[in-house]
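Chemist: Pasting the sequence and the predicted model now:
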Amino acid sequence: MPTVPVVLNDDIEAAAAPLRSYCALYLGGMGSREKNFYNALAVRMGFAEGAARVQDLFLAKAHREAAAAVPLDFIDQTSLIGSRGRIKDRLSRYAASGVTTLTIAAEGASLGERLHVVRTMAELLDESGLGD
């Protein structure tokens, strides 16, 4: 039952932007250098160099630089970002991997934008046949 941030935006870079600080906090600031579950997970996912750089910057209190250093591919693999069609396709991947319940963190600058994400996700679940 993973929790997955969701950003609807056809521009992948722009969709990733609001998630960079969130990811930097988890990769760099959760726990200590020796005990950070999220950093260790990123390493296991193949992001050892990026995870180390983010952690170094974050622990040096260079939070903006740490956020900028989060690899786009890491954000893409741990979030649902992009267009409706892209997110719909990626929902199927979660289901195929055995995920039966997906908790979403709807991203948006306003309550209205976040509600739009929630409604869109409900529509995409119905369209994909996964919401049954």
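Modeler: Okay, I see it.
Chemist: For the lengthiest helix in the chain, the averaged confidence score.
Modeler: In the chain, assigned by DSSP state H, the helix with the most residues is helix 111-128. For helix 111-128, mean pLDDT is 95.
Chemist: Check stretch 50-69 too.
Modeler: Per-residue pLDDT over stretch 50-69 has a mean of 97.
Chemist: gap between it and the chain center?
Modeler: The chain centroid and the centroid of stretch 50-69 are separated by 17 Å, computed with C-alpha atoms, centre = their mean, to the nearest Å.
Chemist: next one: stretch 101-108
Modeler: For stretch 101-108, the gap between its own C-alpha mean and the chain's C-alpha mean amounts to 10 Å (C-alpha atoms, centre = their mean).
Chemist: Identify the residues contacting the residue sitting nearest the centre point of the chain.
Modeler: Centroid-nearest residue in the chain: S79, 2.9 Å away (criterion: C-alpha atoms, centre = their mean). Going by C-beta atoms under 8 Å, 6 or more residues apart in numbering, S79 touches V4, P5, V6, V7, A16, L19. Using the backbone N, CA and C atoms, a C-beta is placed for each residue, glycine as well.
Chemist: Show me where the protein has its helices.
Modeler: All helices of the chain, identified by DSSP H, fall at 12-16, 20-24, 37-44, 48-59, 63-69, 72-78, 84-96, 111-128.
Chemist: Format these as a markdown table; extra columns: mean neighbour count and distance to M30.
Modeler: A markdown table is the format used below for the helices of the chain (neighbours: other C-beta atoms under 10 Å; distance: least, C-beta to C-beta, whole Å):
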| stretch | mean neighbour count | distance to M30 |
| --- | --- | --- |
| helix 12-16 | 17 | 19 |
| helix 20-24 | 19 | 10 |
| helix 37-44 | 16 | 5 |
| helix 48-59 | 19 | 10 |
| helix 63-69 | 18 | 12 |
| helix 72-78 | 17 | 14 |
| helix 84-96 | 15 | 23 |
| helix 111-128 | 14 | 24 |
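Chemist: Understood, closing this out.
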